[in-house]
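from the sequence below, what's the structure:
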Amino acid sequence: MSGRKLRILQIMRAPVGGLFRHVADLTRELAGHGHSVGLVVDSLANDAQTEDRLTALLPHASLGIHRFAMPRVLGGGDLVTPLAVHKLQRSLHIDVLHGHGAKGGFYARLAAFGGRGPATVYTPHGGVLHFEATSVSGRIFHLLERRLLARTGAIVFESAYAQSTYAALIGPPTCPTQVIHNGLAPDEFVPVVPDSDAADFVFVGELRDLKGVHVLIDALAGVTRPDGQPATLVMVGDGARRAALEAQIQALGLTDRVTLAGAQPARPSFARGRIAIVPSLAESLPYVVLEAAAARLPVIATRVGGIPEIFGPTAASLVPSANVEALRAAMQGALDDPQAAAAEMTVRADYIGEQFSLGRMAGAIEALYARLVQPD
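Predicted coordinates for the structure are as follows:
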């Protein structure tokens, strides 16, 4: 995109998961287009993996990577950090402050006070949308959201689901909004060939209740291959549910059928199964569904969050969440009719290639920045 080169500060709490993936991709793309980008991240929860990720991103962050205290819940850093970010953005002559997640959005908008400050953009990434309106934390964060709308230049939602959920929980936004789906790089659309000893199914994600892993294990118990042999599953990931999951697997007699492989990168892990499965109870716009579909694996997933937007013309095959029988039927159907599963996979992969590219995502966000900084 031609035009003025901008100075952009991306603000997020923790460089992990899909939120960091999004910010990292966006930073690289913006830097490649000639913009100057800096990052603000949390100083409280760093580990070796965090530092490795940030170090890899540093060559693309010409305005530096800056660390401030960002407590996970409300804390002292919430009073001090906005002032520190305000001082930083003034010293760096920032044009755009883009906050990601509940805390990133909080700091970005509070840091823009005083005079004609930078344009402020906010992407929830789930974040505040995951707080129940009836909980104390939910009421506090939702109230803050309503108060901060006056300081918000625009809100970017990664899915239409997130946009509608925000309006229901917070109220209709008083600033411009735009749905801009996450995108994948060209090399992520190269097919992944399953290993010769691949399991029937592969799950990639955190081992926690919200990901529906307990539902998946219950469903697997009744699934068989066309030759009558019991179906197998590889689970790639780690999390708080692991010990309970191991006990569930043992209680159901599935020890020989389920492999818990631990946390590993997603794309090479797809080769460990012939069908990807995402049994989540709640999601926003999960990268793992995009990645698995782009790698041309058949995908079985639940109808939650923005997943129907990813499935597009194949959304009719999505199953209800927390429904063991429906998930088991979908798994059995994919094994019984692999030709139909492959045909659906092709339609889905082609759709994602057209609608969910990294270039499309970054270009839309870049154009939004330009409109906010230089309005007509």
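
quick one: contacts for T81?
Applying C-beta atoms under 8 Å, 6 or more residues apart in numbering to T81 gives the contacts 68-70, 107. C-beta here means a position set from N, CA and C on the backbone, and glycine is covered the same way.

element containing F203, please.
Under the criterion of DSSP states H and E, F203 resides in strand 199-204.

what's the following helix or strand after that strand?
helix 213-220.

I'd like the mean pLDDT over the next helix or strand after that next one, please.
Following helix 213-220 in sequence order, the next helix or strand is strand 233-236 (DSSP H and E). What strand 233-236 shows for mean pLDDT is 98.

list the buried residues of the next helix or strand after strand 233-236.
Per DSSP H and E, strand 233-236 leads on to helix 242-251 as the next helix or strand towards the C-terminus. Within helix 242-251, the residues that count as buried by 16 or more other C-beta atoms under 10 Å are 242, 245, 248-249.

for the protein, what are the low-confidence residue spans?
For the chain, applying pLDDT under 70 flags the ranges 1-2, 15-16, 45-49, 114-115, 127-133, 136-137, 376.

report the backbone C-alpha coordinates of the helix of greatest length in the chain in PDB.
Ranked by residue count and defined by DSSP state H, the top helix of the chain is helix 338-355. C-alpha atoms of helix 338-355 as PDB (Å, rounded to 0.1, in the frame of the first residue of the first chain):
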ATOM      1  CA  PRO A 338     -13.300 -40.900   3.400                       C
ATOM      2  CA  GLN A 339     -14.100 -39.800  -0.100                       C
ATOM      3  CA  ALA A 340     -16.900 -37.500   1.100                       C
ATOM      4  CA  ALA A 341     -14.600 -36.100   3.800                       C
ATOM      5  CA  ALA A 342     -11.900 -35.400   1.300                       C
ATOM      6  CA  ALA A 343     -14.300 -33.700  -1.100                       C
ATOM      7  CA  GLU A 344     -15.500 -31.400   1.700                       C
ATOM      8  CA  MET A 345     -11.900 -30.700   2.700                       C
ATOM      9  CA  THR A 346     -11.100 -29.500  -0.800                       C
ATOM     10  CA  VAL A 347     -14.100 -27.100  -0.900                       C
ATOM     11  CA  ARG A 348     -13.100 -25.700   2.500                       C
ATOM     12  CA  ALA A 349      -9.400 -25.300   1.700                       C
ATOM     13  CA  ASP A 350     -10.200 -23.400  -1.500                       C
ATOM     14  CA  TYR A 351     -12.500 -21.100   0.400                       C
ATOM     15  CA  ILE A 352     -10.000 -20.400   3.100                       C
ATOM     16  CA  GLY A 353      -7.300 -19.700   0.500                       C
ATOM     17  CA  GLU A 354      -9.500 -17.000  -1.000                       C
ATOM     18  CA  GLN A 355     -10.800 -15.400   2.200                       C
END
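
flag every buried residue along it.
Buried, per 16+ other C-beta under 10 Å, within helix 338-355: 341, 344-345, 348-349, 351-352.

helices of this protein, start to end?
17-32, 48-57, 77-91, 101-110, 136-148, 160-169, 213-220, 242-251, 266-269, 287-294, 307-311, 324-336, 338-355, 358-373.

Q229 is nearest to which of these?
Q229 sits nearest to helix 324-336 of all these, at 10.3 Å, using C-beta to C-beta.

for the longest helix of the chain, packing partners?
Helix 338-355 is packed against helix 287-294, helix 324-336, with contacts defined by 3 or more C-beta pairs under 8 Å, 6 or more residues apart in numbering; DSSP states H and E.

rewinding a little: buried subset of the contacts of T81 as a PyMOL selection?
Here is the PyMOL command that picks out the buried ones among the contacts of T81, judged by 16+ other C-beta under 10 Å:
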select buried, resi 68+69+70+107
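
and the contacts of T81, which is closest to R208?
Among these, and counting by C-beta to C-beta, the member closest to R208 is M70, at 22.0 Å.

for the strand holding F203, packing partners?
helix 213-220, strand 233-236, helix 266-269, strand 273-278.

what's in contact with the second one?
Meaning strand 233-236. Contacts to strand 233-236, defined as C-beta under 8 Å, 6+ apart, come from residues 198-205, 207, 213, 216, 220, 245, 257-264, 266, 269, 272-273, 277.

if we go to 6 Å?
Residues from elsewhere that reach strand 233-236 (C-beta atoms under 6 Å, 6 or more residues apart in numbering): 199, 201-204, 220, 258-261, 264, 269, 272-273.

ok, now the longest one?
For helix 213-220, contacts defined as C-beta under 6 Å, 6+ apart pick out 207, 233, 241, 245, 248, 279, 322, 324, 327-328.

again, but for stretch 283-299
By C-beta under 6 Å, 6+ apart, the residues outside stretch 283-299 that reach it are 18, 21, 126, 158-159, 162, 182, 184, 188-189, 191-192, 204-205, 266, 270, 275-276, 278, 301, 304-307, 310, 334, 341, 345, 348-349, 352, 356.

which of those are buried?
Taking 16+ other C-beta under 10 Å as the criterion, what is buried in those is 18, 21, 126, 158-159, 162, 182, 184, 188-189, 192, 204-205, 266, 270, 275-276, 278, 301, 304-307, 310, 334, 341, 345, 348-349, 352, 356.

quick one, what contacts F201?
F201 sits in contact with 233, 273, 275, 277, where contact means C-beta under 6 Å, 6+ apart.
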